[in-house]
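Enquirer: got a predicted model here, sequence first, then my questions.
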Amino acid sequence: MQDLIKRPCVQSHGRSPDTCVLRAKRHSAEVEMPPLLRRVLLAAVVVTALAVTQPVLAIDSPSFPVLLQQAQVDAPRLLEQAANVRATDADLRQSRAWLNPTLSASAENLGVAQAGVSQRENTFSIAQVFEIGGKRAARIEAGRQLVLSAAARAHHARITYASELAVAYASAEAMQQRHEVAKQELERSRDDQRAAEALVKAGREADLRLAQARAALAAAEAALQSAIADETGALARLSALAGAAEPFTRVIHPFPIDDPRPAAAAWTPADTPALASASAERNALAAQVRIEERRWVPDIGVSVGMRKFGWTDERAATVSISASIPLFDRNKAGIDAARERANGATLRVEGARLDAIATHRSALAQVEASARRVQAAEQGETAASDAYRLGRIGYESGKTSLLELLSIRRLLAEATERTIEARLDRVRALATLSLAEGRIAYGEKQ
C-alpha cells in the first residue's frame, strides 16, 4: 500500500501528482480491515505463537515411598478392594434385619341380605414370620466371615500391589538407564566412525573398516530407538499402576536395590497373604454350609387380627399359626453342594500352604543369588570400561584394530546391560520375598 502511494502516477493522463496521491489514500482507506477484526487476528497470532513455543512440561515421578502412599488413594485396584470390603460390611448389617410383617385385610359374604343367615365379615390381621433353628444366627455368622474374607483379599491385594509397584518403578528406572546407555553407545559409535574416517584418509585403514564403523553406528541408532520405546512403555505402565492422571515422563529419584526392612526372622506360612486369603475363604464357605443345613427348618408364622361382623357392632379377635412342612424338600442337595465347596476350599488352603513354603524358600535363594550377581556384574562393568578406554587409546595410536575395538565396545555395552538387569532382578527377588512374608515391599523400617 505504501508503494502504491509513493509510486508516481504514470497513467494519470495529465492529472496532477497530488490528485494521484489523494486517490491512492482513498483506496487505502477502502481496503483497510476493521479494527475489531484486526485485534482478533492479532490475538490469534499471539496465542498460536505461545502454543508453538511453549515447551512440553516433564512430569517427574515422585520417590517410591511417596508414590506408594499416593497410590493408596488413587490406585483403581485398591479402591476396588476397599469397595468390596464396604459391600460385605453392608451385607453383614443387612443379615441382622428381621423379616417384615404382613398386613392383610379380607371381606367375606359380600352382597348377602341383611336379614340372611350368613353375615358379612371384615377381617384385618397382621402376620409375622419367625426364623427358628438358628437360621438368623447362621446368616449373621456367614456375613461376618464374608467380611473377614473380603478384608483378607484386600490385604493380599495391597501387599501384591506394593510388590508390583516396586518392580514397575525399578523397571522404569532400568529402562531409563538403558536409554542413557544407548545414547552413550551411539556417541561412542560416532567417535569410532570419525576415528575410522581419519585413519582411512591417512591410509592406515582400509575402506572396509569405515563400512564396519558405519554399520555399527546404524545398529547403535536402532538400539537407541528401541530403548526409547521401552522407556516410554515402562513409564506408561508405572503411571497406570499408580493411577496417575498424567503419565510420568522420567524417574528422578533412585530406587534402592536393597529393601530397608530386613526379612522376617520367624516366618511361618500363615504370614503369607495368599494363605490367609484362602483360609478366610474356607471359613466363609464353611459358614455357608451351616446356612444350608438350617434352610429346611420350617419358619413359624404367627398372625393376630380383628374380625368385624356386618350389620352389627360385634367384633372378635383372630389368632393363627402357620408353618411349612419339609415333606418334599429337605435341602439335601444344597447341603451336599455347600459341603463340597467347603472341601474344595480346604484343599486350596493346603495347596496355598505348600506354595507359600516353596515360594518363600525360592525367594530367599533368589535374594542371596541376586546380591552376588549384582556384585559380579558391577565388577565386570568396571573391567569392561577400563578395557574400552585402553582399546580406544590403542586404536587411535594404530595399535588396535577396529574389529577389536568394536568387540571391546560391545562387551562394555553388554556388561552395562547385565548390571542393570542384575539390579532389576534384585528388586524382583526382594519384592517376591516381601510378598511371601506379608510385608509391604520397600516400606519404611518399623
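Expert: Sure, I can see it.
Enquirer: what about the residue lying closest to residue 166 once chain neighbours are set aside, distance to residue 167?
Expert: Spatially, and ignoring its direct neighbours in sequence, residue 166 is nearest to residue 441 (4.3 Å; CB to CB, 6 or more residues apart in numbering). C-beta: built from backbone N, CA, C; applies to glycine. With distances taken as CB to CB, to the nearest Å, residue 441 is found 8 Å from residue 167.
Enquirer: now residue 237
Expert: Distance, residue 237 to residue 167, by CB to CB: 10 Å.
Enquirer: the more surrounded of these two?
Expert: residue 167 (20 against 17; other CB atoms under 10 Å).
Enquirer: list the contacts for the more buried one?
Expert: 427-428, 431 (CB atoms under 8 Å, 6 or more residues apart in numbering).
Enquirer: C-terminal to the strand or helix carrying residue 386, what's the next element?
Expert: Assigned by DSSP states H and E, residue 386 belongs to helix 332-396. Heading C-terminal from helix 332-396, the first helix or strand you meet, by DSSP H and E, is helix 402-437.
Enquirer: chain center to that next one, what's the gap?
Expert: 26 Å (CA atoms, centre = their mean, to the nearest Å).
Enquirer: for residue 194, the count of nearby residues, please.
Expert: Residue 194: 11 neighbours (other CB under 10 Å).
Enquirer: longest helix anywhere in this protein?
Expert: When the chain is parsed with DSSP state H, its longest helix is helix 135-201.
Enquirer: give me the distance between that one and the centre of its chain.
Expert: Going by CA atoms, centre = their mean, the spacing between the C-alpha centre of helix 135-201 and its chain's C-alpha centre is 11 Å.
Enquirer: and for stretch 95-112?
Expert: Relative to the chain's own centre, stretch 95-112 is displaced by 53 Å; criterion: CA atoms, centre = their mean.
Enquirer: care to break the chain down by domain?
Expert: According to automatic domain parsing, the chain comprises the domains 2-53, 65-110+119-437.
Enquirer: mean confidence (pLDDT) on stretch 307-316, please.
Expert: Stretch 307-316 carries an average pLDDT of 83.
Enquirer: swap that for stretch 175-194, sorry
Expert: 87.
Enquirer: now the helix or strand hosting residue 232 and helix 135-201, what's the angle there?
Expert: Assigned by DSSP H and E, residue 232 belongs to helix 207-242. Relative orientation of helix 207-242 versus helix 135-201 (axes from the mean of the first three to the mean of the last three CA atoms, to 10 degrees): 160 degrees.
Enquirer: any regions of the stretch 151-300 of the chain where pLDDT drops low?
Expert: Where the stretch 151-300 of the chain drops to pLDDT under 70, the residues are 204-205, 259-265.
Enquirer: run the last query once more with 50
Expert: Nowhere does the stretch 151-300 of the chain drop to pLDDT under 50.
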